[in-house]
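> Got a sequence here, can you model it:
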Amino acid sequence: MRIFSSVGPRWASLCLAGLAVFGCQRIDDGEANDDGNTPVDTDIDDDGLSGGSLLESGTFSDEDDDGGPEVTCNPVTSMECGDGEKCTAVLQGAQPTFACVGETGSTAIGEDCTVSLEDGLDGCAAGSVCLGEDAGTCRPLCDSQADCTTALCLEDPIHGVPHCAPDCSPFEPACSSLLQCRRQNDRFSCVDALPGDVGGPGEPCSLQGDAGCGQGLMCVTGALVPDCATAGCCTPLCDLDGGAGCSAPATCSPALEGPAPGFESIGACFVPA
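I've put the predicted structure just below:
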């Protein structure tokens, strides 16, 4: 019996195959050059961890406007950009794209910054971008899972910008400000929490992405949580090695299906089926 919902990267982090760079679009003084590139479709990998490209380059056509993101430079290497420029994430309409902008930046990863996705001039060092709402933190950019070490290549929930979300422990979270240590696929990662992610033990939640639960909790099928009257309820995480911290009849049971190395001891309080 499957206890939990199938959990992919939070907010549909997707990795696609194949990065083809067709030249670099430069942005100066906050305005993007209109090079005619059109967005292309994106596909969903079942496990969300494909080694391929998250964003593909478009073709030069005014008619092919499907609303997907496009790539104009490599956000990790910035090789297509000129001196004094960096490749970073910017928004064209509501869609993220990678483009060269006229600054390199000096704010380090994990430090506070001001989000500036309209022009990319956020002060973050090359290879990173400022994500959040108005206030944010500099985070490493990625174009595929291969770009991240001890982290997942995920899209942020506000703008859909792919970045490396570091692994973390829910018992000793060491995430940057504004981020929470939450369940992602087969591990826990430092990610953005949505405004509604504040629920305590026994409160209603969504099995998809543990939405509605605060940090240190996860969403479990309601029938397995004592006194839960909804389809899903938040329940505390626990340490399988310690085995304590749950109120009977709930016991500390595995929280992850097929946990990644280092995450085997993370459990949650519920009544095993």
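> Low-confidence regions, the protein specifically.
Within the chain, the segments meeting pLDDT under 70 span 1-71, 243.
> hmm, try it at 80
1-71, 173, 177, 242-245, 273 (pLDDT under 80).
> my guess is residue 75 meets residue 89, correct?
Yes. Using CB atoms under 8 Å, residue 75 is in contact with residue 89, at 6.8 Å. C-beta coordinates here come from the backbone N, C-alpha and C atoms, glycine included.
> What count of nearby residues applies to residue 227?
Counted by other CB atoms under 10 Å, the residues lying close to residue 227 total 8.
> circling back: pull up the overlap in contacts between residue 75 and residue 89.
Here residue 75 and residue 89 share the contacting residues 98, 129, 141, scored by CB atoms under 8 Å, 6 or more residues apart in numbering.
> Now render those residues as CSV, adding distance to residue 245 and neighbour count.
CSV is the format used below for the shared contacts of residue 75 and residue 89 (distance: CB to CB, whole Å; neighbours: other CB atoms under 10 Å):
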residue, distance to residue 245, neighbour count
98, 44, 31
129, 38, 33
141, 38, 28
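> Kindly export stretch 158-174 (C-alpha atoms) in PDB.
Extracted C-alpha coordinates of stretch 158-174, given in PDB (Å, rounded to 0.1, in the frame of the first residue of the first chain):
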ATOM      1  CA  ILE A 158       7.300  32.400  -7.500                       C
ATOM      2  CA  HIS A 159       8.900  32.900 -10.900                       C
ATOM      3  CA  GLY A 160       9.900  29.300 -12.000                       C
ATOM      4  CA  VAL A 161      13.700  30.100 -12.100                       C
ATOM      5  CA  PRO A 162      15.900  27.000 -11.900                       C
ATOM      6  CA  HIS A 163      18.400  27.100  -9.100                       C
ATOM      7  CA  CYS A 164      20.300  24.700  -6.900                       C
ATOM      8  CA  ALA A 165      18.400  24.000  -3.700                       C
ATOM      9  CA  PRO A 166      20.900  22.600  -1.000                       C
ATOM     10  CA  ASP A 167      20.300  19.400   0.900                       C
ATOM     11  CA  CYS A 168      19.500  19.900   4.500                       C
ATOM     12  CA  SER A 169      18.400  18.100   7.700                       C
ATOM     13  CA  PRO A 170      14.900  19.000   9.100                       C
ATOM     14  CA  PHE A 171      16.400  18.400  12.600                       C
ATOM     15  CA  GLU A 172      19.200  20.900  12.200                       C
ATOM     16  CA  PRO A 173      18.100  23.200   9.400                       C
ATOM     17  CA  ALA A 174      20.900  25.400   8.100                       C
END
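> Centroid-nearest residue for this structure?
residue 154 (3.1 Å; CA atoms, centre = their mean).
> in the helix or strand where that one lies, what's buried?
Assigned by DSSP states H and E, residue 154 belongs to strand 151-155. For strand 151-155, burial by neighbour count (16 or more other CB atoms under 10 Å) applies to 151-155.
> picking that back up, in strands only, show me the shared contacts of residue 75 and residue 89.
Those of these mapping onto strands are 98, 129, per DSSP state E.
> Out of the shared contacts of residue 75 and residue 89, the closest to residue 273 would be?
Set against residue 273, the nearest of the shared contacts of residue 75 and residue 89 by CB to CB is residue 141 (41.0 Å).
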